[in-house]
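J.: the sequence and its predicted three-dimensional model are supplied below.
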Amino acid sequence: MEALAFLTEPFLGQPGWAWILFAGIVIALLVFDLGVLHRKEREIPVGESLLLSAGYIAVALLFGGWIWWQLGAQSGMDYYTGYLIEKTLSLDNVFVISLIFTALAVPRKYQHRVLFYGILGVVVMRALVIGFGTTLVNEFDWVLYIFGAFLIFTGVKMLLSVNKTEDMKESRLLGFLQRRMRLTNGLRGHAFMVREPDAAGRVRLFATPLLLALVMVELVDVIFAVDSVPAIFAITTDPYIVYTSNIFAILGLRALYFALAATVHRFHYLKYALALVLVFIGAKIFVNHIYGKLDPTISLGVTVGLLAGGILFSLWKTRGAAGGALPHGPAAEGRDA
């Protein structure tokens, strides 16, 4: 029995078995996705993308119900609010990933492979970022004020730059990596790295554009985490709620990508709603410390209202618009990479 004592020992605010349960669900989802549904590389149709995304969302919502039952209503509300914010922020990520694949000419049948391994890296990197953020918040309460001010600044910046377009081929980050990496002159099937002779005839290890796309996806997520992690810390500082809501939102991103990449032009005005959510969440930190903690029901309600309004207004304004992914233009706007 002593060997199993770690199951009930608290770790980052929750017993070990709660973390093991979460890890088991994540591993099971990834194994089922890659090992059963997508063993062969192929282009994922929009219908399958929507069904798979719905499955990920259902699991995330059920997990939130379990948190509500196990940890209480406030924890449940915090989880759902964090999940909704992160899910919506991840839509912005989809736009930038679409630009990356377009700039590097990655075929759709290989995009799932890049996104799958990208998600594995994100799971690890978000754990590090959230762990670092938790340590900062626990040691220095005033860090939350910095988070709040940063979110307000980011939201205002998004409002002011929402109509600017972006060309990933002109990205400084992409240019830097292309200059520093030894790249092949094209894809080599689904390989990330290959051994080939260089100009002097020496056999050396080369990275393919597929690996460059993977590195870009990982680095872009780090950039996005700078916004999303402070946003969830503004809702709750419980690392279990912060991490689980983040990861469940990101897990479904890969599935949702193949549907959204074909319809990104329909969500242009969602950027305005997202910017207002960031401003609201940032202001909430100051309200909580000056006037007392805001009811989590209000936070969830305002967040849902703003995002739903942005989605519905976008769909109404773009009704009848031509379909297809847009490598450039309003739908491809995002934070600078």
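T.: The structure has been received and is ready for your questions. For clarity, every value in this text was computed on a predicted model and none was experimentally measured. Residues are numbered from 1 along each chain as shown.
J.: where do the helices sit along the stretch 101-250 of the chain?
T.: Secondary structure of the stretch 101-250 of the chain, counting by DSSP state H, counting those that start in this stretch: helices at 108-139, 143-161, 172-180, 209-233, 239-260.
J.: make TSV out of those and add mean neighbour count.
T.: C-beta: built from backbone N, CA, C; applies to glycine. Formatted as TSV, the helices of the stretch 101-250 of the chain follow (neighbours: other Cβ atoms under 10 Å):
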stretch	mean neighbour count
helix 108-139	17
helix 143-161	17
helix 172-180	12
helix 209-233	22
helix 239-260	24
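J.: what sits against the nearest residue to L278 once chain neighbours are set aside?
T.: If the residues on either side of it in the chain are set aside, L278 comes closest to G155, at 3.4 Å by Cβ to Cβ, 6 or more residues apart in numbering. For G155, the contacting residues are A275, L276, V277, L278, V279, F280, G282, by Cβ atoms under 8 Å, 6 or more residues apart in numbering.
J.: what's the following helix or strand after the helix or strand harbouring the first one?
T.: Element membership for A275, per DSSP states H and E: helix 270-291. The first helix or strand that comes after helix 270-291 along the chain, using DSSP H and E, is helix 296-317.
J.: that next one packs against which elements?
T.: helix 73-103, helix 270-291 (3 or more Cβ pairs under 8 Å, 6 or more residues apart in numbering; DSSP states H and E).
J.: out of those helices, nearest to I130?
T.: helix 73-103 (11.1 Å; Cβ to Cβ).
J.: who's in contact with stretch 267-275?
T.: By Cβ under 8 Å, 6+ apart, stretch 267-275 touches 88-89, 91-92, 154-156, 158-159, 162, 260, 306-307, 309-311, 313-314, 317-318, 330-331, 333.
J.: show me the contacts for F63.
T.: F22, I25, Y79, T244, F248.
J.: ok, these vs F224, which is closest?
T.: F248 (16.0 Å).
J.: how close does that closest one get to V287?
T.: 27 Å (Cβ to Cβ, to the nearest Å).
J.: again, but for I223
T.: Applying Cβ to Cβ to I223 and V287 gives a distance of 28 Å.
J.: for F150, same thing?
T.: 16 Å.
J.: do L278 as well
T.: 15 Å.
J.: how about A149?
T.: For A149 relative to V287 (Cβ to Cβ), the value is 13 Å.
J.: and the residue nearest to T318 when sequence neighbours are not counted, how far is that from I85?
T.: Nearest in space to T318, with sequence neighbours left out and distances taken as Cβ to Cβ, 6+ apart, is R266 at 4.8 Å. Relative to I85, R266 is positioned 21 Å away (Cβ to Cβ).
J.: the two: which has the busier surroundings?
T.: I85 (27 against 19; other Cβ atoms under 10 Å).
J.: before we move on, the earlier item: L278 and V287: which has the busier surroundings?
T.: L278 (27 against 13).
J.: give me the pLDDT for the more buried one.
T.: According to the predicted model, the pLDDT of L278 comes to 85.
J.: what's the answer for N246, then?
T.: Predicted confidence (pLDDT) for N246: 89.
J.: pLDDT weak spots in this structure?
T.: 1-7, 10, 34-43, 162-169, 261-265, 320-337 (pLDDT under 70).
J.: how far away is F140 from L315?
T.: Distance from F140 to L315, by Cβ to Cβ: 43 Å.
J.: ok, for F153, nearest residue in space, not its chain neighbours?
T.: Nearest residue to F153 in three dimensions, chain neighbours excluded: G282, at 7.9 Å (Cβ to Cβ, 6+ apart).
J.: who touches the one you found in this structure?
T.: F147, G148, A149, F150, L151, I152, F153, T154, G155, A234.
J.: residue contacts, I100?
T.: Contacts of I100 by Cβ under 8 Å, 6+ apart are V106, M168, L174, A213, M216, V217, V220.
J.: which one of those is nearest Y117?
T.: V217 (8.7 Å).
J.: quick one: L173 and I223, what's the gap?
T.: 9 Å.
J.: looks like L50 contacts L260 (just checking).
T.: No: the pair L50 and L260 fails to qualify as a contact (Cβ atoms under 8 Å) at a distance of 9.7 Å.
J.: ok, back up a step: just put the contacts of F63 in CSV and tack on distance to A255.
T.: Below are the contacts of F63 laid out as CSV (distance: Cβ to Cβ, whole Å):
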residue, distance to A255
F22, 19
I25, 15
Y79, 20
T244, 18
F248, 12
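J.: tell me which two in these are the farthest apart.
T.: Using Cβ to Cβ, the contacts of F63 span at most 13.9 Å, a distance reached by I25 and Y79.
J.: looking at these two, which is more packed in?
T.: More crowded of I25 and Y79, by other Cβ under 10 Å: Y79, with 31 against 19.
J.: contacting residues for the nearest residue in space to D198 that is not next to it in sequence?
T.: Of all residues beyond its chain neighbours, the one nearest D198 is R204 (5.0 Å), with distances taken as Cβ to Cβ, 6+ apart. By Cβ under 8 Å, 6+ apart, R204 lies in contact with R182, R195, E196, P197, D198.
J.: can you check N138 too?
T.: T237.
J.: could you measure from it over to F132?
T.: Applying Cβ to Cβ to N138 and F132 gives a distance of 11 Å.
J.: done for today, thanks.
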